[in-house]
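**Q** Have a look at this fold, sequence not included:
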């Protein structure tokens, strides 16, 4: 399964979080993984800072570029509250049980 987005942290982070949740990874670990984005993508973030739109303040732009673990915890808690878990969310957006099981199998096979 391949997925990505422009900066590699927001849409990618959400998809990664859903997949990791399907695989049974604890939410704290998923959030720590998301926070690593700030380290791994530091050079890209510097390039994005240079292209900041003048209509956005530097402080607001930094919020946009960040990947604090608390944001991921909020997302995962919302998914849990609204859908039960990642599987419930994926079912609600139209994935079939067989597709979800195939993803799980790929994630947890030896």
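**A** Received the coordinates, thanks. For clarity, every value in this text was computed on a predicted model and none was experimentally measured.
**Q** give me the low-pLDDT residue ranges for the chain?
**A** Applying pLDDT under 70 to the chain flags residues 1, 6-8, 63-64, 110.
**Q** Which residue lies nearest the spatial centre of it?
**A** Central residue of the chain (C-alpha atoms, centre = their mean): residue 13, 2.0 Å from the mean position.
**Q** which of the residues in the host helix or strand of that one are buried?
**A** Under the criterion of DSSP states H and E, residue 13 resides in helix 11-22. Buried residues in helix 11-22, counted by 16 or more other C-beta atoms under 10 Å: 12, 13, 14, 16, 17, 18, 19, 20, 21, 22. C-betas here are computed from N, CA, C, even on glycine.
**Q** Repeat that for stretch 31-41.
**A** 31, 33, 34, 35, 37, 41.
**Q** before we move on, what about stretch 95-104?
**A** Those would be 100, 103, 104, for stretch 95-104 by 16+ other C-beta under 10 Å.
**Q** chain center to that stretch, what's the gap?
**A** 19 Å (C-alpha atoms, centre = their mean, to the nearest Å).
**Q** Which elements pack onto the longest helix along the chain?
**A** The single longest helix within the chain, with elements called by DSSP state H, is helix 69-83. Judged by 3 or more C-beta pairs under 8 Å, 6 or more residues apart in numbering; DSSP states H and E, helix 69-83 is in contact with helix 11-22, helix 27-35, helix 86-92.
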